[in-house]
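Novice: Compute the structure for the input listed below.
(one chain, ligands or ions: 1)
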Amino acid sequence: MQPLEGKKIVLGISGGIAAYKCAELTRRLSERGAQVKVVMTKAAKEFITPLTMQAVSGQPVSESLLDPAAEASMGHIEIAKWADLVLLAPATADLIARMAAGMGNDLLTTVVLATDAPVAVAPAMNQQMYKNVATQENIATLQRRGMTIWGPASGEQACGDIGAGRMLEPMQLVERCIAQFQPKLLQGKKIAITAGPTQEAIDPVRFISNHSSGKMGYALAEQAARLGAEVTLISGPVNLATPANVTRVNVLSAEEMHHAAMEQAPLSDVFIGCAAVADYRPAEIADQKMKKVDGSDELVVRMVKNPDIIAGVASLKQNRPFTVGFAAETQDVEKYAMDKLSRKNLDLICANDVSQAGIGFNSNDNALNLYWPNGQKNFPLASKQALAQSILEQINELTQ
Ligand code: C5P
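Specialist: Next up is the predicted model:
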């Protein structure tokens, strides 16, 4: 059986020079069993003719939103419902901007708005246009809404520039389409993740907290959702957007995080404790803003221990999820991580040496050593996204 047998792909072509590659792309998709329905913007027709696309796809090409005859055969809603995947290739800066703005001012953008199929975007434009903050922000918006961005590649451009902005080659896009339809690694799995710092109130305007940015936990949530998991992200206060297809529960204090975690954990297959939970909280929270006391240069705030959230999850007697912890150490990483693994009864611990420059708390990169009761693996310095993928693959392997 062909890898794309029976798959219905709407190929949306916008007006960039890479459009000339769409005939090849369509042929290669069809060869692998896909049915391809082509939708073109007005500008796309300047680069490749609808007749060519009709000949290679074997289906009439749709181009107009307001053409009664075209709407009568297969209107924008039918096309949107027909699709198993909408692939926008090439996606120009203009098409990306219109989608980011939620516009429906031609057939292609209305199909994108009306579909519940996954939408993959293959950007293609001049490197400077691609680098432009407006384009970058628009792409980030599409990603946040759950669209997948394929490419762009770097290299020589039709305009003579060199840089990022080339559409991926047809066969690379075909490979992505095939991968898109593969069963997802974490499909059907429920994952709860804690992330970010906690805030422990002293009085109505002050709190004790830490520098955790939440980036690692958010990267895990984003990748887990991409791999098909149903993700609940229990988040302390951070400055990050909720990843696409992730349910976020906002908390402030460790006690609130504990409450949310104990509610989610028994419903989850996997629990990942990535939050930097404050170990202690002020014993009392003053009702009113505390005043400076004349004649005293000291203030003593009595602290009490917070619940250990992950240890609580790991000691669940019923519906205990596979429990994964993090450990940030400044020395003897393995010794302390192994100790934490057994003391907290975890199934896996991801440890990093935060004394090294450029990794850990606030950075975008990290290096991790993973330990589990009878094994270990080291992941050298990489982006938190790449590490998240590796951690999730390891979790998947250990939970088989
Ligand atoms: O003991 P330590 O704070 O180093 O352990 C780190 C691990 O324990 C992390 O996974 C963190 O999310 C979790 N933890 C927790 N509740 C606490 C303290 C830490 O869940 N009160």
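
Novice: what does this protein put close to the ligand?
Specialist: 194, 254, 273-275, 277, 279, 306, 308-310, 325-327, 340 (Cβ under 6 Å from any ligand atom). Where you see a C-beta, it was placed from the backbone N, CA and C, and this is true even at glycine.

Novice: Looking at those residues, state which has the most neighbours.
Specialist: residue 194 (32 neighbours; other Cβ atoms under 10 Å).

Novice: Centre of the chain to stretch 23-31, how far?
Specialist: Centroid separation for stretch 23-31 versus its chain: 29 Å, with Cα atoms, centre = their mean, to the nearest Å.

Novice: Okay, helices next: where are they in the protein?
Specialist: 22-31, 50-57, 68-74, 76-82, 93-100, 107-114, 127-131, 133-144, 170-181, 215-226, 254-264, 309-314, 333-343, 384-398 (DSSP state H).

Novice: Go through the residues of the chain next to the ligand and flag which are in strands.
Specialist: If you go by DSSP state E, the residues of the chain next to the ligand have 194, 273, 325-327 in strands.

Novice: Quick check: pLDDT value at residue 289.
Specialist: According to the prediction, residue 289 has pLDDT 95.

Novice: wait, doesn't it sit right on residue 201?
Specialist: No. Using Cβ atoms under 8 Å, residue 289 is not in contact with residue 201, being 11.4 Å away.

Novice: higher neighbour count, those two?
Specialist: It is residue 201, of residue 289 and residue 201, that has more neighbours when counted by other Cβ under 10 Å, with 16 against 10.

Novice: closest to residue 372 among the residues of the chain next to the ligand?
Specialist: residue 325 (10.9 Å; Cβ to Cβ).

Novice: list the contacts for that closest one?
Specialist: 273, 310, 340-341, 344, 346, 348-350 (Cβ atoms under 8 Å, 6 or more residues apart in numbering).

Novice: switch to 10 Å and redo it
Specialist: 271-274, 308-311, 313-314, 337, 340-341, 344-351 (Cβ atoms under 10 Å, 6 or more residues apart in numbering).

Novice: Kindly tell me how buried the closest residue to residue 94 other than its chain neighbours is, as a neighbour count.
Specialist: Leaving aside its chain neighbours, residue 94 sits nearest to residue 14 (7.0 Å; criterion: Cβ to Cβ, 6 or more residues apart in numbering). If you count neighbours by other Cβ under 10 Å, residue 14 ends up with 28.

Novice: wouldn't residue 14 be in contact with residue 63 here?
Specialist: No. Between residue 14 and residue 63 there is no contact under Cβ atoms under 10 Å: 11.7 Å.

Novice: Overlap of the contact sets of the two?
Specialist: 39-42, 44, 106, 108.

Novice: Could you list which of those belong to strands?
Specialist: Counted as lying in strands by DSSP E, out of these, are 39-40.

Novice: tell me which of the shared contacts of residue 14 and residue 63 is nearest to residue 172?
Specialist: residue 44 (20.1 Å).

Novice: just to revisit the earlier point, please convert the buried members of the contacts of residue 325 into PyMOL selection syntax.
Specialist: A single PyMOL command suffices to select whichever of the contacts of residue 325 are buried according to 16 or more other Cβ atoms under 10 Å:
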select buried, resi 271+272+273+274+308+309+310+311+313+314+337+340+341+344+346+347+348+349+350+351
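
Novice: where in the chain is pLDDT low?
Specialist: 69-73, 358-361 (pLDDT under 70).

Novice: Mind splitting it into its structural domains?
Specialist: What automatic domain parsing lists as the domains of the chain is 8-181, 190-398.

Novice: OK, contacts around residue 59?
Specialist: Here residue 59 is in contact with 26, 30, 35-38, 53, 74 (Cβ under 10 Å, 6+ apart).

Novice: Just the buried subset of these, please.
Specialist: 26, 30, 35-38, 53.

Novice: Residue 13 and residue 40 touch, don't they?
Specialist: Yes. Judged on Cβ under 10 Å, residue 13 makes contact with residue 40 at a distance of 4.8 Å.

Novice: anything in contact with each of the two?
Specialist: With Cβ under 10 Å, 6+ apart as the test, residue 13 and residue 40 both reach 19, 22, 47-48, 50, 53, 61, 63, 108.

Novice: Of residue 13 and residue 40, which one has the most company?
Specialist: Between residue 13 and residue 40, counted using other Cβ under 10 Å, the more crowded position is residue 13 (32 against 27).

Novice: do you know how far that one is from residue 36?
Specialist: 11 Å (Cβ to Cβ, to the nearest Å).

Novice: okay, and the common contacts of these two?
Specialist: 22, 25-26, 53, 87.

Novice: I'd like to know which of these is nearest to the ligand.
Specialist: Nearest to the ligand among the shared contacts of residue 13 and residue 36 is residue 87, at 39.3 Å by Cβ to the nearest ligand atom.

Novice: how deep is the closest one tucked in, by neighbour count?
Specialist: 29.

Novice: for residue 300, same thing?
Specialist: Quick note: residue 300 (other Cβ under 10 Å) scores 6 neighbours.

Novice: Please tell me how far residue 287 sits from residue 201.
Specialist: Taken as Cβ to Cβ, the span from residue 287 to residue 201 is 11 Å.

Novice: what's stretch 178-188 in contact with?
Specialist: Taking Cβ under 10 Å, 6+ apart as the rule, stretch 178-188 contacts 2-7, 9, 29, 32-34, 84-85, 87, 118, 120, 148, 150, 223-231, 269-270, 389, 392-393, 395-397, 399.

Novice: list the contacts for residue 286?
Specialist: 201-206, 301.

Novice: ok, and the most crowded of these?
Specialist: By neighbour count, taken as other Cβ under 10 Å, the most surrounded of the contacts of residue 286 turns out to be residue 202 (18 neighbours).

Novice: Does it touch residue 287 like I think?
Specialist: No. Contact criterion Cβ under 10 Å: residue 202 and residue 287 do not qualify, at 11.7 Å.

Novice: excluding its backbone neighbours, what's nearest residue 44?
Specialist: In space, residue 44 comes closest to residue 13 once its chain neighbours are excluded; the distance is 4.2 Å by Cβ to Cβ, 6+ apart.

Novice: Then residue 336?
Specialist: Nearest non-adjacent residue to residue 336 (Cβ to Cβ, 6+ apart): residue 329, at 4.9 Å.
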